[in-house]
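Student: no sequence on hand, only this structure:
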């Protein structure tokens, strides 16, 4: 945990997750929802959906309220904080001018949350609005949670990668700088804007098995929470997550036992993962093992990508 006043963890921390491309297996949004259920937080800012969402892509949902009245739930993004601001406060109400805003003194009063759907457009303006609220509330650091589809087995611990573009944060926490090049989601855009504005950030990403991409992954959510707890040095109760993760894994085991191709593919992933995790494995040995794995897989590798969380709607099945 940072203690030198460098900003990421020494002050108020915003933990961010977006549903959609950055959220394979609903792992990142599930982690933030878990935190929201544990902390005494209230909505302090909501961002106007008309400006940032394409309703043909993120459609509003029809629902019934507690009184049985028909209502529409629009896609949105909300920041939650330990304040006395009324639920439903919007960005346009001006947090900086709200005399009623007061930060609590509870143990977790330095933790804020951002949760919502990844916007469809206006990412630069959207990031600027987020950072305006960050400045107004005195947030000094941002941790972004994400989850991606990857060639990993569900039977092994979920791989989690933490990185930062901030040199001070990397030095203090022993993190690496991401070497990824390619398409990005709103997390990367917001993180870049924050660093340019002088707000330190870090990212924590979990790898979700791509062959079960169309189901929530409580095991990946649990892995993100484990890493977040380690980073921010706050005890986070797991609730039902441990049991849910075990049930998730058992369910996939049952499916694989009835599908020989799927079972063989998972075994190949396990062998590759065990080689990487082996203490005697050198970088060259790991590279050679993956080359053999790729040659062995060939055209038998199942459909599914290793990118973001929206790899399609079809369940796993081997190619013909």
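Tutor: Sure thing, it's come through. Please read these numbers as outputs of a predicted model, since none were measured by experiment.
Student: helices or strands up against the helix or strand hosting residue 43?
Tutor: Assessed by DSSP states H and E, residue 43 sits inside strand 42-47. Packed against strand 42-47 by the contact rule (3 or more CB pairs under 8 Å, 6 or more residues apart in numbering; DSSP states H and E) you find strand 77-81, helix 123-137. In short, each C-beta sits where N, CA and C put it, glycine included.
Student: and those, which is most packed in?
Tutor: Among the helices and strands packed on strand 42-47, strand 77-81 has the highest mean neighbour count (mean count of other CB atoms under 10 Å), at a mean of 24.
Student: helices or strands up against that strand?
Tutor: Against strand 77-81 (3+ CB pairs under 8 Å, 6+ apart) you get strand 42-47, strand 111-117, helix 123-137.
Student: after the shortest one, next one along is what?
Tutor: Spelled out, that is strand 42-47. Using DSSP H and E, the first helix or strand after strand 42-47 is helix 49-52.
Student: residues of that following helix that come out buried?
Tutor: The neighbour-count check on helix 49-52 (16 or more other CB atoms under 10 Å) flags 49, 52 as buried.
Student: report the distance from that helix to the chain centre.
Tutor: Per CA atoms, centre = their mean, to the nearest Å, the displacement of helix 49-52 from the mean C-alpha position of its chain is 22 Å.
Student: average pLDDT for it, rounded please.
Tutor: The pLDDT scores in helix 49-52 average 90.
Student: one step back: can I get the helices and strands packed on strand 42-47 in JSON lines including distance to residue 257 and mean pLDDT?
Tutor: Shown next, in JSON lines, are the helices and strands packed on strand 42-47 (distance: least, CB to CB, whole Å; pLDDT from 0 to 100):
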{"stretch": "strand 77-81", "distance to residue 257": "41", "mean pLDDT": "96"}
{"stretch": "helix 123-137", "distance to residue 257": "44", "mean pLDDT": "96"}
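Student: figure out which of the ones you listed is closest to residue 156.
Tutor: strand 77-81 (33.3 Å; CB to CB).
Student: the closest one pairs with which strands, parallel or anti?
Tutor: If you go by DSSP bridges, strand 77-81 pairs up with strand 42-47 (antiparallel), strand 111-117 (antiparallel).
Student: just these: most buried one?
Tutor: It is strand 111-117: most buried of the strands paired with strand 77-81 by mean count of other CB under 10 Å, with a mean of 23.
Student: give me the contact list for it.
Tutor: Contacts with strand 111-117, where a contact means CB atoms under 8 Å, 6 or more residues apart in numbering, come from 12-20, 29, 32-33, 35-36, 39, 41, 44, 47, 53, 58, 75-82, 130, 137, 139, 232, 234.
Student: buried subset of these as a PyMOL selection?
Tutor: Selection of buried members from these for PyMOL, criterion 16+ other CB under 10 Å:
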select buried, resi 12+13+14+15+16+17+18+19+20+29+32+35+39+41+44+47+53+58+75+76+77+78+79+80+81+82+130+137+139+232+234
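Student: closest one to residue 256 among the helices and strands packed on strand 77-81?
Tutor: Among these, strand 111-117 comes nearest to residue 256, with 32.0 Å by CB to CB.
Student: avg pLDDT for that closest one?
Tutor: 96.
Student: now the longest strand seen in the chain: mean pLDDT?
Tutor: If you go by DSSP state E, the chain has its longest strand at strand 139-150. Per-residue pLDDT over strand 139-150 has a mean of 95.
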